[in-house]
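Peer 1: based on what follows, work out the 3D shape:
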Amino acid sequence: MQDQTPAVRRHAVRLAERSLQQDDELAKQLLAALGKFVDDPDAQVRLQVAYSLGYAHDAAAADILAQLANQHRDDAAFLAAILSSLHEHNLPTFYVAMTRHPQLTTQLRKPLLAMASRMQNATLVSRMLTASLDDLESQKFTSSQLTNLADTLQQIRQTKLSLAAPQRKTLATLADKLLQLVVDSAAATEQRVAAIQVMTALPSLTSDQQAKLIALVDSRQPTPVQLAVVTAANRLLPKPSVTILLQAFDQLSPTVRVAILDALLEHPERTQQVVDQLAKKTFSPRNLSAHHRQQLRNHPDPRLREKVIALLKPSAAAGEMAARIQAYASKLSAGDRLQGSQLFTKHCSSCHRVAGVGKVVGPDLTTLKNRSSQAMLNAILDPNQAVEDKYRSYSLLTTDGRTLAGLIKEENSNSVTLQLANDKQHVILRSEIELLRSSGKSLMPEDLHRELSPAALSHLIAYLADIGPPPKQFPGNRPSIVKQQDNGMVELTAITGRIYGPNVVFEGKYNNLGFWSHADDRVAWTVELAQTGTYEVHLDYACETSTAGNPFVLTLGTQSLRGKVKGTGTWDDYATVKVGTVKLQTTPLEITFAAEAAPQGFLMDLRRILLKPVPQ
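Peer 2: Numbering: from 1, shown residues only. The predicted structure follows:
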């Protein structure tokens, strides 16, 4: 260990590891020697000491680790090495030593809390809770103090550790103080959110405290405050509060509406409450996004699933709309692009812009992922069938009596920006909002069939089908119309697909689509289907396990299948996975596959999609 060569010293430290595990005089001498390496001039030697100290059972090793941690607190890799050396013998001593260094305490408090909880070290967790409570008593609440306390309480709840009686009493008193901060509109949003996180992590709340938290889910409150309450909904809310949230649904912004359904549909009892409200017609199916509809239709409880399918059946009005669309579809013909351009300018340009013509209110039509005639016909004649939350129309009443209608273009803690149909924007302070209510419908008119004949729609669709970018070209990729095989199978390969988007590419090694990393990356096929019937849909793909979990959407004409990508191992490990079933008609069919949101990492390497007929 005294050698002049750093590599020799480093290996000497490694050789000492076995002896450090003993409880004898040699182990103590070695530990004393390692303590001198805190100031070793070689970083690799110091790093080796951090790793090797994990073998020592003597609590004195924790003091050395704390010194090294403070010395290297800006080095994430070094801190990771130190954390890897902590265990049940040295963790309490390390925590005490760490508290002598305030900046280090701030950095490592959360991972140490998680470790103490996993080790079921109730004494250390209790000590950390006491420290958090003492911090709050010493001065006014700060966001970081509240966040630390919330983390501690959540770990205690998750590991089911018991609190001491004095701590329970302190927390009960704290709840009322926190509530004063939470409802104070003059307080900083970040501080209010942190206080909500503490309250929702407390062992219990009174019904009055719960009610006051639920009341914060209001369009006049900052979005982060609303979301903080919604995030804890399943643990926090008594049964009646779910009804209150759903009844207020139309008065909430798209972001909050999505968060509410995401939270409620994670929990079996809350899901049942949502379905009960649908059955009572006190909550409209129109409020459910395509994703949430599919989540309910695929629920693991068969009785609930059957009830949902019955509730989401098309209404009489929907039947009339379907008949109208079918009548138009039977009369569509090859349209004239020039006439379609003129019709677009007359009927669509007030909300959509194409080739520099029109206003930017509705979706960008140049990025349409499904340009089949049937899909565009549906979108034009029935704009409310699958409207995204961000394109739902809202009515807003201000405190001075003004009424505005449009889309919520943007929102922050203090204001809401409303996009009107004339392309004007109004910024309304939350304090000026008397009432905000969603119509549940698209801003797009529902009665375009009164102004557009089947011939006119043929022209408009011909124009819209031709405005997107051309497919990308790669050696080996040969886009073509896909025909059904004699055995009824339909095989959609990367070779025959039309490839769009900035990042996705065709790769020749496995004839797959790879580097799928952008929200606009997609592949499309035109299919000539000869057999009407039900088909199983299978994906043939590879996905490195660490990047799995991204959501995808497969659109088949007017139907969609959604799911999350499961890992297959490595990018060389291909698997075929069933993702659902669909009923398809004998008609030219446009099929597209894309990420439902910008992927984290890469979506997958897609080789082919198989449609397998289900025997009748």
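
Peer 1: which helix or strand in this protein has the lowest average pLDDT?
Peer 2: When the helices and strands of the chain are compared on mean pLDDT, DSSP states H and E, helix 233-236 comes out lowest with a mean of 68.

Peer 1: in contact with residue 98, which residues?
Peer 2: By CB atoms under 8 Å, 6 or more residues apart in numbering, residue 98 lies in contact with 66, 69, 70, 104, 105, 108, 112. Every residue, glycine included, has its C-beta placed from N, CA and C.

Peer 1: thought the fourth one was touching residue 70?
Peer 2: Yes. Contact status for residue 104 versus residue 70: in contact at 4.9 Å, counting by CB atoms under 8 Å.

Peer 1: can I get the contacts of residue 98 in a markdown table including distance to residue 295?
Peer 2: Listed next are these as a markdown table, based on distance: CB to CB, whole Å:
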| residue | distance to residue 295 |
| --- | --- |
| 66 | 47 |
| 69 | 44 |
| 70 | 48 |
| 104 | 44 |
| 105 | 42 |
| 108 | 38 |
| 112 | 37 |
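
Peer 1: out of the residues you listed, which are inside helices?
Peer 2: Mapping the contacts of residue 98 onto helices (DSSP state H) picks out 66, 69, 70, 104, 105, 108, 112.

Peer 1: most widely separated two among those?
Peer 2: Greatest spatial distance in the ones in helices among the contacts of residue 98: 70 and 112, 13.9 Å, computed using CB to CB.

Peer 1: which one of the two is surrounded by more residues?
Peer 2: Neighbours around residue 70 and residue 112, counted as other CB atoms under 10 Å, are more numerous at residue 112. The numbers are 21 against 18.

Peer 1: from residue 122, how far out is that one?
Peer 2: Using CB to CB, to the nearest Å, residue 112 is found at 15 Å from residue 122.

Peer 1: then residue 55?
Peer 2: Distance of residue 55 to residue 122, given as CB to CB: 26 Å.

Peer 1: domain map for the chain?
Peer 2: 316-383+446-464, 392-442, 482-613 (automatic domain parsing).

Peer 1: residue 200: which of the ones you listed is closest?
Peer 2: For residue 200, the closest of those is domain 392-442, at 19.2 Å, according to CB to CB.

Peer 1: straight-line length of the closest one, end to end?
Peer 2: With CA to CA, to the nearest Å as the measure, domain 392-442 spans 5 Å from end to end.

Peer 1: thinking again about what came up before, so which of the contacts of residue 98 is the closest to residue 194?
Peer 2: residue 105 (17.9 Å).

Peer 1: surely the closest one is in contact with residue 97?
Peer 2: No. With contact defined as CB under 8 Å, residue 105 and residue 97 do not form a contacting pair (10.3 Å).

Peer 1: so which of the two has more stuff around it?
Peer 2: Just comparing residue 105 and residue 97: by other CB under 10 Å the higher neighbour count belongs to residue 97, 20 against 16.

Peer 1: would you map the helices across the stretch 251-400 of the chain?
Peer 2: Taking DSSP state H, counting those that start in this stretch, the helices of the stretch 251-400 of the chain run over residues 254-264, 268-279, 290-297, 302-311, 316-331, 337-347, 373-381.

Peer 1: in JSON lines: the ones you listed, plus distance to residue 143.
Peer 2: JSON lines is the format used below for these (distance: least, CB to CB, whole Å):
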{"stretch": "helix 254-264", "distance to residue 143": "21"}
{"stretch": "helix 268-279", "distance to residue 143": "29"}
{"stretch": "helix 290-297", "distance to residue 143": "32"}
{"stretch": "helix 302-311", "distance to residue 143": "40"}
{"stretch": "helix 316-331", "distance to residue 143": "48"}
{"stretch": "helix 337-347", "distance to residue 143": "50"}
{"stretch": "helix 373-381", "distance to residue 143": "44"}
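
Peer 1: any chance of the ones you listed in TSV, plus mean neighbour count, distance to residue 526 and mean pLDDT?
Peer 2: Below are the helices of the stretch 251-400 of the chain laid out as TSV (neighbours: other CB atoms under 10 Å; distance: least, CB to CB, whole Å; pLDDT from 0 to 100):
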stretch	mean neighbour count	distance to residue 526	mean pLDDT
helix 254-264	21	33	87
helix 268-279	18	37	90
helix 290-297	17	23	78
helix 302-311	13	30	88
helix 316-331	13	16	81
helix 337-347	17	18	88
helix 373-381	21	11	85
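
Peer 1: for these, which one sits closest to residue 561?
Peer 2: Ranking the helices of the stretch 251-400 of the chain by their distance to residue 561 (criterion: CB to CB) puts helix 290-297 first, at 7.7 Å.

Peer 1: dump that closest one to PDB, restricted to CA.
Peer 2: Output of helix 290-297 as PDB, limited to C-alpha atoms (Å, rounded to 0.1, in the frame of the first residue of the first chain):
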ATOM      1  CA  ALA A 290     -59.400   6.100 -27.500                       C
ATOM      2  CA  HIS A 291     -56.700   4.900 -25.100                       C
ATOM      3  CA  HIS A 292     -59.000   4.900 -22.100                       C
ATOM      4  CA  ARG A 293     -61.800   3.100 -24.100                       C
ATOM      5  CA  GLN A 294     -59.400   0.400 -25.100                       C
ATOM      6  CA  GLN A 295     -58.100   0.100 -21.500                       C
ATOM      7  CA  LEU A 296     -61.700  -0.500 -20.300                       C
ATOM      8  CA  ARG A 297     -62.500  -2.900 -23.100                       C
END
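
Peer 1: and residue 249, what's its pLDDT?
Peer 2: On pLDDT, residue 249 comes in at 89.

Peer 1: follow-up on the earlier one: let me know the closest of the ones in helices among the contacts of residue 98 to residue 232.
Peer 2: Nearest member of those to residue 232, counting by CB to CB, is residue 112, at 24.2 Å.

Peer 1: quick one: the strands in the stretch 451-600 of the chain, in order.
Peer 2: Secondary structure of the stretch 451-600 of the chain (DSSP state E, counting those that start in this stretch): strands at 482-483, 490-493, 498-500, 505-507, 512-514, 522-528, 533-542, 551-556, 559-564, 574-584, 588-595.

Peer 1: show me what the third one is packed up against.
Peer 2: Counting contacts by 3 or more CB pairs under 8 Å, 6 or more residues apart in numbering; DSSP states H and E, strand 498-500 is packed against strand 522-528.

Peer 1: my read: residue 513 touches residue 603, true?
Peer 2: No. Using CB under 8 Å, residue 513 is not in contact with residue 603; the gap is 9.1 Å.

Peer 1: secondary structure class for residue 57?
Peer 2: coil (DSSP: H, G, I helix; E, B strand; the rest coil).

Peer 1: low-confidence stretches in the stretch 51-200 of the chain?
Peer 2: Across the stretch 51-200 of the chain, residues meeting the criterion (pLDDT under 70) sit at 137-139.

Peer 1: 90 - rerun?
Peer 2: Low-confidence segments of the stretch 51-200 of the chain (pLDDT under 90): 56-61, 76-77, 88-90, 99-111, 113-178, 185-186, 197-200.

Peer 1: please apply the same query to the stretch 501-616 of the chain.
Peer 2: Counting by pLDDT under 90, the stretch 501-616 of the chain has low-confidence residues at 519-520, 526, 528-531, 555-560, 585-591, 596-597, 615-616.

Peer 1: partner residues bridging the nearest residue to residue 403 once chain neighbours are set aside?
Peer 2: Among residues not flanking residue 403 along the chain, residue 397 sits closest, at 5.5 Å (CB to CB, 6 or more residues apart in numbering). Residue 397 forms beta bridges with residue 403, residue 435, as assigned by DSSP bridges.
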